[in-house]
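K.L.:
sequence first, then the predicted structure, then my questions.
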Amino acid sequence: MTDTAVERTSESYADSEAERRKRQDFIRVLAFVVLTVVMGALVGACFGLKASYLYKKELHLTANDVTSIGLILGIPSYLQPFVGTWTDTFAFFGYHRRSYSLVSGK
């Protein structure tokens, strides 16, 4: 084999190795995202059932009262994207949140 053929073979091997690593990384991230979504849904469902029982049976609230409580308690979640964008744009105590907001999933 000539030197050119050996270089082409080693380059194609390196390319295929890099593609394989990228594919594995993608699969790991995808599995993590799916697991996070499923776990969040399960926890949300369990908490929702417990809170619903508490509101109805123990506190004797009507459906309108439960809806109002859910709306009021949900306000921080509704505002979270706007507050996050604002803190990413303007430094808060000299720091931007971009780096660790991705890690925290928010």
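P.N.:
Nice, thanks for sending it over.
K.L.:
for the helix or strand harbouring residue 80, buried residues please.
P.N.:
Here residue 80 sits within helix 63-89, counting by DSSP states H and E. Buried residues in helix 63-89, counting neighbours by 16 or more other CB atoms under 10 Å, are found at 66, 87. Every C-beta, even on glycine, is put in place using the N, C-alpha and C of the backbone.
K.L.:
what do you get for stretch 39-48?
P.N.:
For stretch 39-48, it's none, nothing buried (16+ other CB under 10 Å).
K.L.:
report all helices and strands that the helix holding residue 80 contacts.
P.N.:
Judged by 3 or more CB pairs under 8 Å, 6 or more residues apart in numbering; DSSP states H and E, the packing partners of helix 63-89 are helix 98-104.
K.L.:
about what we covered before: how far away from the center of its chain is the helix holding residue 80?
P.N.:
Distance of helix 63-89 from its chain centroid, counting by CA atoms, centre = their mean, to the nearest Å, is 17 Å.
K.L.:
distance of residue 31 from residue 24?
P.N.:
11 Å (CB to CB, to the nearest Å).
K.L.:
got the angle between whichever helix in the chain runs longest and helix 63-89?
P.N.:
Ranked by number of residues, the top helix in the chain under DSSP state H is helix 3-53. With axes from the mean of the first three to the mean of the last three CA atoms, to 10 degrees applied, the angle from helix 3-53 to helix 63-89 works out at 150 degrees.
K.L.:
what is helix 3-53 packed up against?
P.N.:
Using 3+ CB pairs under 8 Å, 6+ apart as the contact test, no helix or strand touches helix 3-53.
K.L.:
that concludes my questions; thank you for your assistance.
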